[in-house]
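**Student:** this is the structure alone, sequence omitted:
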């Protein structure tokens, strides 16, 4: 048993070491120099599975192995068809374990293909919210392990290694690049793991940096934070993949958050497109949400006469959304008109003014 556990943990350590050999990229967004404000984006798309969920998945496997929940041949199960499932399928294949993603029946073929690319299997169910109960049921029936990243993500990262901690990765990269300590870090919340991990790092090191969480439409984090209620629920799914939840998930720790900013979905997608048009960097919708929130804070800093640095994340690779967020016909079919918000962003770059 000990030999097997050591081997599996060694494989995870070796995978993390391979990532360290290719330093995380940090991009500076081209704001006007006379503003005295800099904006940096930590690029998580270089991870093998193309998103920041790669780190969380590695931490979840480390934790489950150490706790004896995953053994030789254990069926690993997750309830999502998003980046979290793709990353877990990658690590399951690395460790020689079967993996099943329990997904809504209407999931796109592209999502299913991404999971199958790493040897995983898609188990489709209806209605969509049944994925969680079906994942638990499948784990019970097959003597498998339901990873449940929505519940265990933050605790797994806290118990994991330095490479799994996005807070440490972000601040160490800023230091290496000689970037001043940011006044704000802006992140979205899906499971809440990223926000909690970064918030813990800020508090643990006594930093003066504020943590702002951006929240898309239909998500519970903004209203729950305003009402100081961890029971708040919208009952509706987010249209921005990777962030937004109909309920506040256990991995989210509101006490670590200084500000929650609601962002309209059309604004998120406009900012995503604006990033590409301005820099050639192609992120997903959640990256656009981050960027819009960062721009709002920068406008506020200018109104108040402050200078300094804001940092955020490129969460996943925009190539994953060529047939959706980057497809004008798809956007029209979903009722999105990005033109007004794109014009607001162009004006922001001239005037420094942007209202929420």
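**Tutor:** That came through fine. Note that the structure is predicted; figures quoted are calculated from it, not measured.
**Student:** ok, now which ones touch residue 106?
**Tutor:** 126, 128 (CB atoms under 8 Å, 6 or more residues apart in numbering). (Each C-beta comes from the backbone N, C-alpha and C, glycine too.)
**Student:** nearest spatial neighbour of residue 282, skipping sequence neighbours?
**Tutor:** Leaving aside its chain neighbours, residue 282 sits nearest to residue 318 (3.2 Å; criterion: CB to CB, 6 or more residues apart in numbering).
**Student:** so how far is residue 54 from that neighbour?
**Tutor:** The gap separating residue 318 from residue 54 is 16 Å, by CB to CB, to the nearest Å.
**Student:** where do the strands sit along the stretch 1-150 of the chain?
**Tutor:** 25-29, 37-43, 76-78, 99-104, 121-125, 145-146 (DSSP state E, counting those that start in this stretch).
**Student:** figure out which of the ones you listed is closest to residue 205.
**Tutor:** When the strands of the stretch 1-150 of the chain are compared by CB to CB, strand 37-43 sits nearest residue 205, at 17.0 Å.
**Student:** that closest one pairs with which strands?
**Tutor:** strand 25-29 (antiparallel), strand 308-314 (parallel) (DSSP bridges).
**Student:** list the contacts of the first one.
**Tutor:** Which is strand 25-29. Outside of strand 25-29, the residues within contact range by CB under 8 Å, 6+ apart are 38-43, 46, 173-174, 177, 179, 275, 278-279, 281, 291, 314.
**Student:** just stretch 126-144 next, same as before
**Tutor:** 74-80, 100, 102-106, 123, 125, 145-146, 148, 237.
**Student:** pull out the buried residues from these.
**Tutor:** Using 16 or more other CB atoms under 10 Å as the burial test, those include 74-80, 100, 102-104, 125, 145-146, 148 as buried.
**Student:** re earlier: what's the most buried one of the strands paired with strand 37-43?
**Tutor:** Highest mean neighbour count among those (mean count of other CB atoms under 10 Å): strand 308-314, with a mean of 24.
**Student:** let me see the residues that make contact with the helix or strand following it.
**Tutor:** Next helix or strand after strand 308-314 toward the C-terminus (DSSP states H and E): helix 328-333. For helix 328-333, the external contacting residues (CB under 8 Å, 6+ apart) are 269, 323-325, 338.
**Student:** report the two of those separated the most.
**Tutor:** 323 and 338, at 16.6 Å, using CB to CB across the contacts of helix 328-333.
**Student:** give me the more crowded residue out of these two.
**Tutor:** Legend: neighbour count by other CB atoms under 10 Å for residue 323 and residue 338, higher for residue 338 (21 against 12).
**Student:** doesn't residue 270 make contact with that one?
**Tutor:** Yes: between residue 338 and residue 270 a contact is recorded at 4.3 Å, counting by CB atoms under 8 Å.
**Student:** now do the SS call for residue 154.
**Tutor:** Secondary structure assignment for residue 154 (DSSP: H, G, I helix; E, B strand; the rest coil): helix.
**Student:** with adjacent residues omitted, what lies nearest to it?
**Tutor:** The spatially closest residue to residue 154, leaving aside those adjacent along the chain, is residue 251, at 3.8 Å (CB to CB, 6+ apart).
**Student:** what residues are up against that neighbour?
**Tutor:** Taking CB under 8 Å, 6+ apart, we find residue 251 in contact with 149-155, 191-193, 196.
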